[in-house]
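Asker: Fold the following, please.
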Amino acid sequence: MSYRDVATRQVLIWCCTAVGARMPVAMAPLALVFLVRERPGGYTLGAILAAAYVVGEIVGAPALGMRLRPERARVQLAGGLAAGAVGFAGLGAFPAAHPAVLGGFAVVAGAAPAAATGGLRTLLTALVPERATAQALSVESMLTAGVWAVAPAAVAGLALGVAPRVPLLLAAALMAWSVAGVWLLPAAWGAAGTADPRGEDRAGASPLRVLTGAWPVYVTGAASLTLLGLAELVLPALLEQRGVGVGWSGPLLTGMAVGGGLGAFAYGLRAWPGRLRTRSVVLMAGTSVCVTVAALTPDAVGIAAALAVGGVLQSAAMLTRNLSLREALPPHALAAGYSVMYAAAGAGYAATGPLAGALLKVVAPSTAVLAGVGVTLLLTAVGWWGEARTAGRSAQGVDDAVTTALAAPGADGAEGAAIRGRRDPEGRL
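Answerer: This next block holds a predicted model:
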């Protein structure tokens, strides 16, 4: 396996478009804080605006993602991104506006383009051969890691060195750039058929039922981001507890992001053994061990190493979740499924704020991190159990269908041989 199949002009255009769409997302929370921090109660208002933005994302991703249609992908993605650019432009153009007005712009900036992540991911996998899906998703993860590593420094530098509104105006320009990029990509992806990867016809199932059937994947995805978010939010307090300057928080988090990019690259280099859900559990357990080590290590070097390795494993774990979603959903529902995954991960990440605040009031920072590890492992176990249960039901359904078909008259010829050769996603009869 190699990355040759993804080294194409169309994938390069997709990467440029994705940077324009995702850099504003990475910039937004911190940029909103800097925008209003000099106003009375500025930090509180900034937190409220950031929360409004995240709520917009969480609501918009599934609501708009379920309305994405393969045959109208370009128009729908461009419309959402254009509306998001307007939201960011409004925030940058009217920084002194009433908080309610700023909140409205923040919600629009978060909600309108929220389905773009799922849509662009689906479009990316349609640009490469099926055998290169893992490599394509690895490229996406590396790109995302790079964006999240650069965004905080860019926001702080522009807000403090130029003007607080500049990061949001830049976000608007980048998102407008992504609209232009969408028009250089194919107008649609795949076919609007209803056949799923296992060959089962789900035409009779409602879209909501199809999407909710993949709930175990969403749970594990949310668990991964919950752990990551808690580690980020508690890190300054943890460093202070260990007698390390809190200024090291930025470099340590950048190291974790770089580790995430390396993990995504390594995952795409070869085919890994085991079922996807088993790989996910192993990687999540490894990430939890790394975060535990970071919580208990007394020096900055140990914390940095643990977070960097944890970033490697967490990135690979998220890749297994995206690949599992491709197995769990029919092709026409993938964009919506990715959007729901994005919302679930965002909800898990957002929940870490209140969780961290509540824990830090009653326990030491290191204990707060360990509590987060416990929650993550519990959610991971629930997700694994759900996936195993769903796979078992699917295998039983295939066995029943095969038994019925083989018992029917005329099943001994070519048709019977075809039925006997049928396999489910786990490779069993």
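
Asker: Quick one: residues contacting residue 129.
Answerer: Residue 129 makes contact with residue 5, according to Cβ atoms under 8 Å, 6 or more residues apart in numbering. Yep, even glycine has a C-beta here, placed from its N, CA and C like the rest.

Asker: What does it show for phi and psi?
Answerer: phi -60, psi 160 (degrees, to the nearest 10).

Asker: Please report how far it lies from residue 6.
Answerer: Note on residue 129: its distance to residue 6, by Cβ to Cβ, to the nearest Å, is 9 Å.

Asker: Low-confidence bits of the protein, can you list those?
Answerer: Across the chain, the ranges flagged by pLDDT under 70 are 1, 190-205, 393-429.

Asker: All the strands of it, in order from the start?
Answerer: With DSSP state E, there are no strands along the chain.

Asker: just checking, residue 326 touches residue 334?
Answerer: Yes. Using Cβ atoms under 8 Å, residue 326 is in contact with residue 334, at 6.5 Å.

Asker: In terms of neighbours, single out the busier of the two.
Answerer: Just comparing residue 326 and residue 334: by other Cβ atoms under 10 Å the higher neighbour count belongs to residue 334, 26 against 23.

Asker: if I read this right, that one contacts residue 120, doesn't it?
Answerer: No. Assessed by Cβ under 8 Å, residue 334 is found out of contact with residue 120, at 11.8 Å.

Asker: still on that earlier bit, what residues are shared contacts of residue 326 and residue 334?
Answerer: residue 125.

Asker: give me the number of residues near the residue nearest to residue 328 when sequence neighbours are not counted?
Answerer: Distances taken as Cβ to Cβ, 6 or more residues apart in numbering put residue 214 closest to residue 328, at 4.1 Å, once the chain neighbours are dropped. Applying other Cβ under 10 Å, we find 21 residues neighbouring residue 214.

Asker: separation between residue 214 and residue 159?
Answerer: Residue 214 is 39 Å from residue 159, by Cβ to Cβ.

Asker: All the helices of the stretch 1-150 of the chain, residue numbers only.
Answerer: 9-36, 42-65, 73-93, 99-111, 116-126, 133-161 (DSSP state H, counting those that start in this stretch).

Asker: Tell me which of those sits most buried.
Answerer: Most buried of those, by mean neighbour count (mean count of other Cβ atoms under 10 Å): helix 116-126, with a mean of 26.

Asker: so what secondary structure elements neighbour that helix?
Answerer: helix 9-36, helix 42-65, helix 73-93, helix 133-161, helix 334-362 (3 or more Cβ pairs under 8 Å, 6 or more residues apart in numbering; DSSP states H and E).

Asker: Just send the ones you listed back as a markdown table, with distance to residue 371 too.
Answerer: What follows is these, written out as a markdown table (distance: least, Cβ to Cβ, whole Å):
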| stretch | distance to residue 371 |
| --- | --- |
| helix 9-36 | 24 |
| helix 42-65 | 22 |
| helix 73-93 | 35 |
| helix 133-161 | 25 |
| helix 334-362 | 6 |
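
Asker: Out of those helices, which is closest to residue 176?
Answerer: helix 73-93 (4.5 Å; Cβ to Cβ).

Asker: Tell me the helices and strands packed up against the closest one.
Answerer: helix 9-36, helix 99-111, helix 116-126, helix 166-182.

Asker: Of all those, which one is nearest residue 221?
Answerer: helix 116-126 (12.4 Å).

Asker: Can you name the residues in contact with the closest one?
Answerer: Here helix 116-126 has contacts from 11, 14, 17-18, 21-22, 61, 65, 68, 70, 73, 76-77, 80-81, 84, 133, 136-137, 139-140, 178, 185-186, 189-190, 322, 326, 334-342, using Cβ under 8 Å, 6+ apart.

Asker: at 7 Å instead, please
Answerer: Under the contact criterion Cβ atoms under 7 Å, 6 or more residues apart in numbering, helix 116-126 has outside partners 14, 17-18, 21, 65, 68, 73, 77, 80-81, 133, 136, 140, 185-186, 189-190, 334-336, 338-339, 342.

Asker: As PDB, could you dump the C-alpha coordinates of it?
Answerer: Provided in PDB are the C-alpha atoms of helix 116-126 (Å, rounded to 0.1, in the frame of the first residue of the first chain):
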ATOM      1  CA  ALA A 116     -19.000  20.600   4.600                       C
ATOM      2  CA  THR A 117     -16.800  18.200   6.700                       C
ATOM      3  CA  GLY A 118     -18.900  15.200   5.800                       C
ATOM      4  CA  GLY A 119     -19.500  16.300   2.300                       C
ATOM      5  CA  LEU A 120     -15.800  17.000   1.500                       C
ATOM      6  CA  ARG A 121     -14.700  13.700   3.100                       C
ATOM      7  CA  THR A 122     -17.200  11.800   0.900                       C
ATOM      8  CA  LEU A 123     -16.100  13.700  -2.100                       C
ATOM      9  CA  LEU A 124     -12.400  12.900  -1.300                       C
ATOM     10  CA  THR A 125     -13.000   9.200  -1.100                       C
ATOM     11  CA  ALA A 126     -14.900   9.400  -4.500                       C
END
